[in-house]
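*Asks:* the following block contains a protein sequence and its predicted model.
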Amino acid sequence: MRMIYLDIDSLRPDHMSCYGYDRNTTPNIDHIAAGGARFNSCYCASSPCVPSRASFMSGRFGINHGALTHWGPGCDFDYPEGDGHSTSVPFFTRHLRNAGYKTVTFSSFGDRHHAWWYFAGWNELHTHSLKEGNENADEVNAAVIPWLKAHGKEDNYFLHIQYWDPHTLYTYPKEYADQWNDSPVKEFPNEQTIQDQQKDSFPRSATFLHWADRFPETMPRQIRNRQDLAHLINGYDGGISYMDKHVGEILETLRELGIEEEVCFIISADHAESMGEHGVYMEHANASESVHHIPLIMKVPGVTKPGQVVDGFVYNVDVIATITDMVGLPVPTGWDGKSFLNALQGGHWEGRDYLVMDHALYVCQRAVRDSKWYFIRTYHPGLFEFGEISLYDMEQDPNQTVNVAAAFPEIVKEMDHRLANWLQEQMGKPGSKVDPMQKVIETGPWKYMTVEDWHRRLQQDGWQEEASILAAKYRKSNDFNSLYGM
């Protein structure tokens, strides 16, 4: 089998035309999706980038692989030991090689995040630029397409290609954003919501969108109204469109080689992106639906049928387990993922009953998601203003605007019980150590970045208006030595 895994940073499924988005953002990915299976309920177990890709490499939840944030305590990836490398908890890349697969990656992720464990197990590692994740899709393809022309007809390879274009900053050619200028923007957030958000002053809020003094024309300075929102959404969709154009170049290369119909495609993301949810814009900053709900498309020759739609809950670690199952290897006993190969084959399959997810970079949270409810427990609000307990009715409130925890105490109790059981199960596994979430709570970046620090940084970068907003918010308490009253 020839496998190509398209790993697209910060991609929301509801901004892809194959998921029903009004804008034709992903015609080439749509072509792949039409020939295979589209999953409607895939979620990353841990966000953001480092925790999610650590799960991709290890097959484990963040609580078990240890890298639950981007730096410092709580970011220490746990290398399971055995005879050299663990056979019960192997790296995904090493495990694939046991089936005779050549593993190849085109990604600057390990360089960007100093995640040296990412480099383990690949036959070939192509860090094709020194931009540390800021390269555009044309720069990625400039390295990938020559490789495909030289090696595409070989058998049994797993080719991982990472595109960054939907991730800020949006540095592709501006015409890809401008194409949406006359196209309507999604209804959320509406004008009233945006006006209500003007009181917020945390990073990536409507009034505090950037903390650098330079950014491309594809991005607005602030979100003051729906016009600014359209500017931002056009920029995000432009990045998706630019990325998709280069997916088309990959498809064209495969056609030239005569192997397009012989390639297995897996298309997903490390996490998605908030676009106004919880007052956060163009960021993956909490354990919310907008951040954790990711696309998943799988086209597997001889296995999937055209136009399949799968609705059951799956984790990103389940994707890794399924690829392992597809190539005839056992799913390692130490992995947290479960194979859904039966779903790809059209058999009876219902997915997981509920999911538990976490985030520990900007805020310390764990969430429980089932078919109706989304529960979030905040252990530390970090740089934001989250309550300790949140509950959202996803059938009535998909954008998570109204916390209904007080109205449904029994649901809160049940979801908290699920979370406690999950935590007990994970901590009871062989070799488990201290919950990395606790390390972050005790030593997180909010211990060092105070309101005074943010105020000084804004002034230094020339953001006087934002600095004034931040100062006014805390002037009453005259407390610039603690963050949000902590």
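*Replies:* That came through, no problem.
*Asks:* C-alpha only now, for contacts and for neighbours.
*Replies:* Noted.
*Asks:* and the residue nearest to Ala405 when sequence neighbours are not counted, which of the three is it?
*Replies:* In space, Ala405 comes closest to Leu391 once its chain neighbours are excluded; the distance is 4.8 Å by CA to CA, 6 or more residues apart in numbering. Applying DSSP: H, G, I helix; E, B strand; the rest coil to Leu391 yields a three-state assignment of strand.
*Asks:* quick one: contacts for Leu391?
*Replies:* By CA atoms under 8 Å, 6 or more residues apart in numbering, the contact list for Leu391 reads 373-376, 403-405, 412.
*Asks:* okay, and the beta partners of it?
*Replies:* Applying DSSP bridges to Leu391 yields these beta-bridge partners: Phe375.
*Asks:* picking up where we left off before, need the contacts of Leu391 in JSON lines with pLDDT and neighbour count, can you?
*Replies:* As requested, the contacts of Leu391 are exported to JSON lines (pLDDT from 0 to 100; neighbours: other CA atoms under 10 Å):
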{"residue": "Trp373", "pLDDT": "98", "neighbour count": "20"}
{"residue": "Tyr374", "pLDDT": "98", "neighbour count": "24"}
{"residue": "Phe375", "pLDDT": "98", "neighbour count": "27"}
{"residue": "Ile376", "pLDDT": "98", "neighbour count": "30"}
{"residue": "Asn403", "pLDDT": "98", "neighbour count": "17"}
{"residue": "Val404", "pLDDT": "98", "neighbour count": "17"}
{"residue": "Ala405", "pLDDT": "98", "neighbour count": "18"}
{"residue": "Val412", "pLDDT": "98", "neighbour count": "22"}
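*Asks:* and the helices in the stretch 301-450 of the chain, which stretches?
*Replies:* Per DSSP state H, counting those that start in this stretch, the stretch 301-450 of the chain has helices spanning 316-326, 341-344, 409-427, 436-443. These are given in chain order.
*Asks:* which elements pack onto the longest helix seen in the chain?
*Replies:* With DSSP state H setting the assignment, residue counts place helix 226-257 as the longest helix in the chain. When contacts are defined as 3 or more CA pairs under 8 Å, 6 or more residues apart in numbering; DSSP states H and E, helix 226-257 sits against helix 27-34, helix 137-151, helix 175-178.
*Asks:* could you point out which element follows the last one?
*Replies:* The reference is to helix 175-178. Tracing the chain past helix 175-178, the next element assigned as helix or strand by DSSP states H and E is helix 191-196.
*Asks:* what do you get for the first one?
*Replies:* Counting by DSSP H and E, the element after helix 27-34 in chain order, helix or strand, is strand 37-43.
*Asks:* tell me how far that next one is from the chain's mean position?
*Replies:* The chain centroid and the centroid of strand 37-43 are separated by 14 Å under CA atoms, centre = their mean, to the nearest Å.
*Asks:* now the angle from that strand to helix 27-34?
*Replies:* Relative orientation of strand 37-43 and helix 27-34, computed by axes from the mean of the first three to the mean of the last three CA atoms, to 10 degrees: 100 degrees.
*Asks:* what stretches of the stretch 351-486 of the chain score poorly on pLDDT?
*Replies:* 432, 444-486 (pLDDT under 70).
*Asks:* let's see 90
*Replies:* Segments of the stretch 351-486 of the chain classed as low confidence (criterion: pLDDT under 90) are 382-385, 428-434, 442-486.
*Asks:* please enumerate the strands of it.
*Replies:* Remark: strands assigned in the stretch 351-486 of the chain by DSSP state E, counting those that start in this stretch are 355-359, 364-369, 373-380, 389-393.
*Asks:* if we can go back for a sec, of the contacts of Leu391, closest to Thr322?
*Replies:* When the contacts of Leu391 are compared for distance to Thr322, the smallest value, 25.9 Å, is given by Tyr374; criterion: CA to CA.
*Asks:* show me what the helix or strand containing Cys264 is packed up against.
*Replies:* Cys264 belongs to strand 263-268 when assigned by DSSP H and E. The elements that strand 263-268 packs onto, with contact taken as 3+ CA pairs under 8 Å, 6+ apart, are strand 2-8, strand 293-299.
*Asks:* make it 10 Å
*Replies:* Taking 3 or more CA pairs under 10 Å, 6 or more residues apart in numbering; DSSP states H and E as contact, the helices and strands that strand 263-268 lies on are strand 2-8, helix 27-34, strand 37-43, strand 157-163, strand 293-299, helix 316-326.
*Asks:* what angle sits between the fourth one and helix 137-151?
*Replies:* Between the axes of strand 157-163 and helix 137-151, defined by the same axes, to 10 degrees, the angle is 170 degrees.
*Asks:* hang on, the earlier thing: neighbouring strands - and their directions - for the helix or strand following the strand holding Cys264?
*Replies:* Sequence-wise, the next helix or strand beyond strand 263-268 is strand 274-275, with elements assigned using DSSP H and E. Sheet neighbours of strand 274-275, with direction, are listed as strand 281-283 (antiparallel) (DSSP bridges).
*Asks:* and the partner strand, what's its mean pLDDT?
*Replies:* On average, the pLDDT along strand 281-283 is 97.
*Asks:* likewise stretch 19-36?
*Replies:* Stretch 19-36 shows a mean pLDDT of 98 in the predicted model.
*Asks:* buried residues in the strand holding Cys264?
*Replies:* Judged by neighbour count using 16 or more other CA atoms under 10 Å, the buried positions of strand 263-268 are 263-268.
*Asks:* what residues are up against Met219?
*Replies:* 168-171, 177, 209-210, 228-236, 282 (CA atoms under 10 Å, 6 or more residues apart in numbering).
*Asks:* I figured Gly258 hits Lys153, correct?
*Replies:* Yes - checked against CA atoms under 10 Å, the pair Gly258 and Lys153 is within contact range at 8.6 Å.
*Asks:* those two: who's more crowded?
*Replies:* Applying other CA atoms under 10 Å to Gly258 and Lys153 shows that Lys153 carries more neighbours, namely 16 against 12.
*Asks:* could you tell me the end-to-end distance of stretch 391-398?
*Replies:* End-to-end distance for stretch 391-398, by CA to CA, to the nearest Å: 12 Å.
*Asks:* please identify the buried residues of it?
*Replies:* 391-394, 398.
*Asks:* picking up where we left off before, so which of the strands of the stretch 351-486 of the chain is nearest Val327?
*Replies:* Checking these against Val327 by CA to CA gives strand 355-359 as the closest, at 26.2 Å.
*Asks:* Gly72 belongs to a strand?
*Replies:* No - checked against three-state DSSP, Gly72 lies outside a strand; its state is coil.
*Asks:* and the strand holding Cys264, which strands flank it?
*Replies:* When sheet partners are counted by DSSP bridges, strand 263-268 sits next to strand 2-8 (parallel), strand 293-299 (antiparallel).
*Asks:* dump the residue contacts of the residue lying closest to Ile29 once chain neighbours are set aside.
*Replies:* Once its chain neighbours are removed from consideration, Ile29 has its nearest residue in Asp244; the separation is 6.6 Å (CA to CA, 6+ apart). If a contact means CA under 10 Å, 6+ apart, then Asp244 has 8, 16, 25-30, 137, 163, 165, 238, 250 as its contacts.
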